[in-house]
Every structure is written in C-alpha cells, then in structure tokens.
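[1] Test case, fold it:
(3 chains)
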Amino acid sequence: MLRTFRIGGIHPPESKLSSGKKISLLDIPEQVIIPLAQHIGAPAQAVVKKGDVVKTGTLIGKAGGFVSANIHSSVSGKVTKIDNTLDASGYKRPAVFIDVEGDEWKESIDRNGKLIKECNLSSKEIINKIAEAGIAGMGGATFPTQVKLMPPPGNKAELLIINAAECEPYLTSDHSLMMEKGEEIIIGISILMKAIDTKRAVIGIEHNKPDAITHFNNLVKGYANVEVMPLKSRYPQGGEKQLIDAVVRRQVRSGALPISVGAVVQNVGTAFAVYEAVQKNKPLIERVVTVTGKSLSNPSNLLVRIGTPVRNLIDAAGGLPEHAGKIIGGGPMMGKALISADVPVTKGSSGILILSCEEAIRRPMYDCIRCAKCVNVCPMGLNPTLLMDATDFKDWELAEKNYIVDCIECGSCSYTCPANRVLLDYIRLGKGKVMGIIRARKS
Amino acid sequence: MENKLIISPSPHIHGGDSIQKNMYGVLIALIPAMLVSFYYFGLGALIVIAVSITSCVMIEYLIGKFLLKKEPTIRDGSAILTGILLAFNLPSNLPVWIVIIGAFAAIGIGKMAFGGLGKNIFNPALVGRVFLLISFPAQMTTWPVPEPMSMHYTDGQTGATVLSLLNEGVSKLPSYTDMLLGNMGGSLGEVGAIALLLGLVYLLARKIITWHIPVAIIGTVAIFTGIMYGVNPYSYANPLVHLLSGGLLLGAVFMATDYTTSPMSKTGMLVYGVGIGVLTTMIRLFGSYPEGVSFAVLIMNAFTPLINNYIKPKHFGGK
Amino acid sequence: MILAAIISLGGIGITGAVLLYVASRKFEVYEDPRIAQVQDVLPAANCGGCGYPGCSGFATACVNADSLDNLLCPVGGVEVMSKVSTILGKEVGKADPMIAVVRCNGTCEARPHTNQYGGAQNCAIASSLYGGETGCSYGCFGYGDCVTSCLFGAIHINSETLLPEVIDDKCTACGTCVKACPKSIIELRKKGPKSRRIYVGCANQDKGGVARKACNHACIGCSKCEKECQFEAITIANSLAYIDPMKCRLCRKCAPVCPTNSIIETNFPPRKEKVTEDSTNKQETN
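    Numbering: from 1, shown residues only, chains lettered A, B, ... in the order given. Have a look, this model is predicted:
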C-alpha cells in the first residue's frame, strides 16, 4: 500500500504531455527583464545602474531583508534601464532590463560539466553560499531557501524531505530534471543534509513516475542515509504539510512550521540549484520550465534563462495557437493566469501552460446544494463552503474560527464543486483579510 | 495584439462534476426500485409516479417563474427526483388529486418556500409524504396487495404492510424471499430490498454519496432491534424483518442522504445516521405509528444545522 | 371545580408576575433615557457612516460627548443633528453636506480591454490578484462592490460605460462605498451648491504617457489645470491632479484646459463661453 496524505485530496487527469521529453536549451533572448521581486519577502535592491555592463552571473540585486533573495544577471550585456514592468498580475514592479551582448560568464563560475562529489564546507558556509546564489523554492512558492535552512532556535531538523511529487497536472519540469540530473540532485541533497545537520533524507516521488523511482533507487545505493519513497498519486501531495503527512505520518499543527515535527522540505529543483551553487559557484540564473498545453504542437521541457519573455518559450514549443484563451504560469491548479505573453520567466516558473478558450472559460455558477464534496476533498480538513459564505458576509470572526488561514489554496474545492462555485476565489480573499486582522492584533 | 487573454484566479481546470450529473445519477440509481414497483403494482405505480413527477416539475416551474421570478431551475433534475421519491413513498392506489396535493406540499412548502434547491431545511419528498399522511390517513395507509403486472389502479385488492402486521401483533409475515424481491404490501418504492441495495451500490460507486449515512442508519436499527429481539423475541420482530420492511432502506439510501438536508462532516453524518436509526426504531417499537423512517429523517433534518455547527470536519493537524 | 381552576391558574399568574418583577428590579441596567430619545430621531439605517456601530452606538456617543462638534449623522444631515441638539441641549457642529464621487472616467471606449477577467465577479477578489482588464491598474473594475455595499440604493453600474454612478438625491455620504472600493476610487466630497462639483475623474498615478496609453480619459499630470487655477486649489502629486474641494470656487476654468477631459463637472448649466467661442470662431471664418 503506497502512502499518501490522509485527509481529502483529488486526482485530476494528469495530462503530462511533455513527459519523457529531454530538456532542451532555449536560445538566449535579445533582451531580458529581470524583476527584483521574484521571491516571497522583501524585494531585492538594485545594485547596478543604467549603462552598467554585466556578465552572466553578476549580482544585480541585493537581498532587501532577512526574508529576501539575491538576484543575478542571467545574461551578459548592458543594463538599459531599471524601471517598472508589468508583472503577471498587471501591477507594476521594479525590474532590471538588460540588452544581451554575447554570453560571457563570470570567471568564478565553474562551467565544466564534471561532477564534483566532495563538499568539505561547514553548515554555515553552505548556507552562505546558498544565500549568495539567491536560491528560492523552485517548486513555485519561491520562499528563500537559506531562511528555511536556518530553523528557529530550539528546533532541530531530524529529517530532510525532498519534494519530487510534482502533483500538478501537466508539469514535468522536475521529472525531466530528475531523469537527467539525478546524480547532481543526490549530491545537492547530501549538501542540504549537511547544512541542516540531519542524518536522514527521504525523496518523495509519486508513482506515476515509475522511471524516476527506478532511476533514483539505483542512484541512492551509494548514499546510506537517502531513501526513495514512492507515493500514491494524489493532489496536492506537493503541499508541504501534505508531503510531511504522507512521508512521516505526522500532521503539522495549525500555524506551526514543518520544523515543529522535525522536518525540512525542499523541492527537488532546489536540491539541483543547491548543487550548482555550492559545487560550481553558479547562482540561480536559469531553470527548467515545462511549456505545455493540449493545443501546442510541441510540448517541451526547456532550460531557460531567468528574465526571458514567456513568448520565446511558447514559440519554441510550437507557437501560440490562435484560439489560446489563457496562459498560465505554473500548473492548472495553483498557477497564475498571465496577463500577456510578454512577462518574464522568474525563479518560480515551473511551467507555462496554454489553455484554449473552451478550456479556460469557467462555467456558470449555481447556488450551493450543500453536497459537502468540497469538505470531503479539502486536504486541510476545512469547510470551504462555510468559509466562502463567511467571506461573502465579511464575518471574519467566523472565518478565523474555522481556520481560514490554514487554507493552502490548492483549489481542490473549486475543482470539485458540482455547482461550479468559485470557493477558492472567496476563501483566498478572506484568508488575506483574516491574516491582516491577526497581524494587526499582534502588533 | 492577439485575442484578449482570459485572466482568472486558480484553479484553472474543473473536474466536470455538476448538479445535473449528481441528480441524474440518483435517478439512475432509482431505476431498479422503479422497475420492481411497476412489476408488483402495475398500472397504479405507473400512474402515481407519472403524476407525481409531472406535478412536481410543473409546480417548481410555475413557482420559479411567477413567484420567485428567477431563472427556471427545473433542468437540474432535482424536481424530477423529488417527484419520484414522493411517489415512492405513496401507496400505488392513491387517487391522482391527492398525489398532486402531495407534490404541492413537497415542492411548494418543502422546497421553494425556503428559496429552492440547497436552501430547504427538510427533505421535500418527505414533507409531501408526511403532509399527506396527516391529512389523508385512511387513503395513505390502505395498501394494495402486490399482484404481478396488475392492471388495477384504485380498484385493487388491499392488504396490510409488514410493519402494520407487526404493530397489530400478527405473526403471519411474508417470507424473506418476498421481502427481498418486493412481493409485499407497502409504499410503491419501498418494497424491493435488493433493488434499493443495487441503487446504493451504484450511488457509492459513482461517489454521489458516501457510505456514512446509510451504514449508520442500517447499523443502528439492526443493533437496536437486535437487542430488543434478544430481550424478548416474542413481542419484538427479528432485526432482519425490520431492515427489509417498511421504508427503512429507501429512507437510508435515498431520503436521508439528500445533500441539502444532511450534515457536511463525516462525523456529523454518522451522528445524523445514528439519530435516524434510534428514532426510527423507537417509533416503530414504542410509537403508535407502525412506520417511523419519515418522521425520524424529518426530525434529524431539523437537527442538521445544529450538527453542522458543533461537529466540524476533522481538521488537519488538530486532534 | 371552577374555583380550583381559577385559584391554581391565578396562583401561577401571580407567582410569575412576582418573579418577573423581582428579576426586572434585580437585573435592571440603567440606561440614560435620552439615548432612546436620540435614537428615535435618527434614521435607523444602521449604516455605520458616522463611525459608530449602528444608530444606537451613535446615540450613546452623542449623549456621552461634551459637544456635538465631531459627531455627524451623514444620513440625517443637519436636520437630524439639530433635533439631536435640542434633545441634548448641546451645540451642533456645522458641516457641509457631502457626497460620494467616482474618480474614474475610464469608459469602455476610452479604456480598451487588454484582458478578459473570468474569475468571481467581485472587485475585492479581482484586485487582490490582478490589476484589471485594461492597461490601467488604478481604474474601476466595474464589478460593483460599491453597489452591493450601498444601503440606500444610491449607486448603480451604468450598463454602457460599465462605471458606477452615484444618484445625488439618494447618496447620504455614509462612506460605505469608499471603504468597499478596493481601488480607493470613490471619494467623499463637498456636495456643493446645487450639487455642483468639479473633480478629477481619474486615480491613475502612472506617468503621463503610460496613463494616456491605457485610457483616453486618464489624468496625465500635465499641470495645465494647476496653472490655470487662481485659487491654488489644484495640486499635482504622482502624476495625478487633485482639486481641493475646500479651496475650489467652482470657476470652471480648469476643465476646458484638460487635454484628456479628465476633469468632471456636475450639474452645471451648459457652458456659455463655449457657445460664444464657437460663434466667434464662426464669425472669424466668415
């Protein structure tokens, strides 16, 4: 019996169209737009100015706080301006615009493909290197990695869990990375274990990727403390709390951090980025992005420089179809619909999904019939329809009492609702309001 | 500029479930029991079901159009479902005009008065049935004797149901085979145990309902009547008779599991089911009515908001 | 028999009466009778526009306050407040009547759609995730959070422009819509004599070119109006002009100079100067 998390969950059609496709290299664009806020937390502060000449890997934005991340140039060329650009939401955010000239890398970066297994750095040095490289959670949540590796005093990490579930439909970027960069990932994992000083690591892989499970079972033979755990395919397995529940059968309490049950969760893509940062001195300047969709002629997994316009990726995958209704940054369940194809790829872009108009339009909403299907699928054990009503009536007290802040915004409720109710739309709003109220109360 | 891109919050895909699918799924699950009723009650069953469905749909349409003045909701299938369930709770020799009154009570009072699907407190079909039971006690408790492919309607031979036989202390009951197949007196949809269980299996397989409510009701009734039977096997019937007779299976599978009027959390569903089971048994064994499922379901419907308020779904990380 | 019934029922009645009397005495809460009197003259809309929770809260505040200077029932206005002042014998502060104005004029023609929003039809939800369907991330969504929030039916969405419109006679300036609007487009302003007002119908803080590209009616911060105004009522901040209602004398000189027609005048008679200008032009051409 394969393990999975114990409350709720759904199993949407997997639609992994780009599964098994090799990672191909995308050409460097003529201009990149690198936003200074690609992570959760404070935006980075620009350290270059108009006219500066940068190399690939040059620091262009310095972390703007404790929870923040460095930003590096992903190309070599000249900074044309530091100005606001439209982010995926249509709001303006500061970004560095660089015109590409050649591809000259910073000298300190080791571009030799040779595998380096040894790592003799101390925990502190490793974390510093990760912070230098500006790594932020590659699964899409983009939480600065170094912060996660420094547990609050009094907590000790016993177990490192590597999230290789990739439970979102369509996405295959982690899968393809695992098939091609398996050894690097394992070294990355052992570096992460050293950083948090833990003796055990578990790689959680959903069993819809049997080739990755076999591949990793072979790879971990040389590493006594790393094990592979196949998991039953179930969305949202990649949620941090869900993955911990699936792997160690312990549930993180409401409001608590994973470290409270002794676990640290990192994405498999993050493990690879850690390997490159620590062993090769390479900052996070490129990532694997799945470009997919039923109407695309050539769904692919691309290795893309951060800051490349999404349009270039779509062109490489066969071009934007005429009846494209929606461009989604990320997967169909939690991804964000982009306002245009001109927004740049960021650190958290795990995929670009094109939906046709028919797929993209929501069906009309009816009154709630109280079927409780949303209650049954909620992985956090909440009552979505109650929370939606509480938000609609602005009854924040009721919402808080029913744990609205625990919502992980996985979308299982809206996905399931037979009356097509937009449960998550409302709950997300209510969650934000209630979190604001709680913060105000604390201060 | 290409065509306008759609922006909307996540999730961007939908599972494809709909109200219609659920309602028509229940209708499909009711087909075996309907066939049984056609077989044993013949023409009468056909007329009562047809009249009930037509009048329920018409009344919902008229109320929706002229009183509530909103989009007609009859296409979601819930009115058809209420019509069938109401008919299933009526004897097959009931005159047409009484059926229409029942349909009016079910849809008008039981459902639309509260605002329509999803807002009613009580199961509409049961509101209709209990309304008729109180208003027309004689007609509602005269049961036609089953007769394969009968062509009689109101002129058929009448007899007693298993439970009224029990209530009167008569010990001559139909055989278990007859009970399982439906060859006994009773409301037209409640007689065929096997057919109803087939419906339950279908509902569970399609994931239209979960097992909690039916299992809780059936289990509670079995245990409760089992204890009474153990205490005094002469004055109380054996649990199997209770399970197979009257509206218990119909109630447990189709009436109590109505989405709108049952609790939302799984623990809540169990409490609700146990409540129905206990009340049903109490009414059957100690009350003056031979049958108690309708009343038990309606009483527990009234408790549903309370159950929802106090019994929350199991919260992640909470104990 | 009858006697027994009378005695027993009468006894129950008397016991109940005694119990109720004792309870009412024992658990009595003293409330200033003037609170009820004040509450009677209030409009009982419970809109919260005064800043207190409902009319009873406002009545209590009026009774407890030393002066009524900072207390105003926006719904009842001066009329109700003078009644309150006679009840309480306190001086009433003088306040100009206010009204809500919508600071966006981005009609469908003026502000072309670049995207199509398909989420919940609720401004708060839409704005928490997106800047809007148009290039302007400051402008009105048109999903009507203000309409649902209004207790007086004073706001509705114009089906042609898809912008909210305030009905002067119904608006009580309670300010609920101001709080409801996630874009902070709605502002409470002086109602003005004969409901005449002049205000900038734009909230876009982008630089001129960007704003203009997104919307034909956007304020581009060109400061022409600022120069035109003789009363220093107009200030420009973040590429957006603002007309101070306290300084504005309604001279109407600013509106014609605005290159994007983003200054809105309400309830004024049609411009005479324009007609004469046109006629003079005609004469010149003649």
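[2] The stretch 101-250 of chain B: strands as residue ranges?
    Using DSSP state E, counting those that start in this stretch, the strands of the stretch 101-250 of chain B run over residues B:143-144, B:158-159.
[3] mind giving me the domain ranges of the chain?
    In the absence of a named chain, this looks at chain A. Under the assignment automatic domain parsing, the domains of chain A span A:27-100, A:123-280, A:286-360, A:373-442.
[4] let's do chain C instead
    C:33-88, C:98-268.
[5] I'd like the strands of the stretch 101-250 of chain B as TSV, with mean neighbour count, distance to chain C and mean pLDDT appended.
    All C-beta atoms are positioned from the backbone trio N, CA, C, and that covers glycine. Below are the strands of the stretch 101-250 of chain B laid out as TSV (neighbours: other C-beta atoms under 10 Å in any protein chain shown; distance: least, C-beta to the nearest C-beta, whole Å; pLDDT from 0 to 100):
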stretch	mean neighbour count	distance to chain C	mean pLDDT
strand B:143-144	24	46	84
strand B:158-159	14	47	77
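[6] can I get these in TSV with distance to chain A?
    Formatted as TSV, the strands of the stretch 101-250 of chain B follow (distance: least, C-beta to the nearest C-beta, whole Å):
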stretch	distance to chain A
strand B:143-144	33
strand B:158-159	39
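[7] among these, which is nearest B:Leu250?
    Closest approach to B:Leu250 among the strands of the stretch 101-250 of chain B (C-beta to C-beta): strand B:143-144, 14.7 Å.
[8] Check which helices and strands that closest one is in contact with.
    strand B:158-159 (3 or more C-beta pairs under 8 Å, 6 or more residues apart in numbering or on different chains; DSSP states H and E).
[9] Tell me how many other residues crowd residue 209.
    This is for chain A. A:Lys209: 23 surrounding residues under other C-beta atoms under 10 Å in any protein chain shown.
[10] Can you look at chain B instead?
    Per other C-beta under 10 Å, the neighbour tally for B:Ile209 reads 25.
[11] Which neighbouring residues are in contact with it, exactly?
    The contact partners of B:Ile209, taken as C-beta atoms under 8 Å, 6 or more residues apart in numbering or on different chains, are B:Leu203, B:Thr257.
[12] And the residue of chain B closest to chain C?
    Closest residue of chain B to chain C, C-beta to the nearest C-beta: B:Ser8 (3.8 Å).
[13] Do a quick rundown of the helices in the stretch 151-300 of chain B.
    For the stretch 151-300 of chain B, applying DSSP state H, counting those that start in this stretch gives helices covering B:162-167, B:176-181, B:193-205, B:212-231, B:239-244, B:248-250, B:266-286, B:293-310.
[14] Mean pLDDT added to those, as TSV?
    Below are the helices of the stretch 151-300 of chain B laid out as TSV (pLDDT from 0 to 100):
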stretch	mean pLDDT
helix B:162-167	73
helix B:176-181	82
helix B:193-205	94
helix B:212-231	94
helix B:239-244	87
helix B:248-250	92
helix B:266-286	93
helix B:293-310	94
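[15] any idea which of the ones you listed is most buried?
    Among the helices of the stretch 151-300 of chain B, helix B:248-250 has the highest mean neighbour count (mean count of other C-beta atoms under 10 Å in any protein chain shown), at a mean of 27.
[16] now for that helix, which elements pack on it?
    Judged by 3+ C-beta pairs under 8 Å, 6+ apart, the packing partners of helix B:248-250 are helix B:193-205, helix B:212-231.
[17] can we see that at 10 Å?
    helix B:19-62, helix B:193-205, helix B:212-231, helix B:266-286, helix B:293-310 (3 or more C-beta pairs under 10 Å, 6 or more residues apart in numbering or on different chains; DSSP states H and E).
[18] contacts for that helix?
    Residues from elsewhere that reach helix B:248-250 (C-beta atoms under 10 Å, 6 or more residues apart in numbering or on different chains): B:30, B:33, B:85, B:88-89, B:163, B:186-187, B:189-197, B:199-200, B:214, B:217-218, B:221-222, B:242-243, B:256, B:276-277, B:280-281, B:284, B:291-294, B:296.
[19] which stretches of chain A form helices?
    A:123-133, A:145-148, A:173-180, A:182-196, A:210-219, A:240-248, A:268-280, A:310-316, A:357-360, A:373-377, A:384-392, A:396-401, A:412-416, A:423-442 (DSSP state H).
[20] Next to chain C, which bits of chain B? Give me the list.
    Contact residues (C-beta under 10 Å from any C-beta of the partner chain) of chain B with chain C: B:Met1, B:Asn3, B:Lys4, B:Leu5, B:Ile6, B:Ile7, B:Ser8, B:Pro9, B:Ser10, B:His12.
[21] Right, I'll call it a day here.
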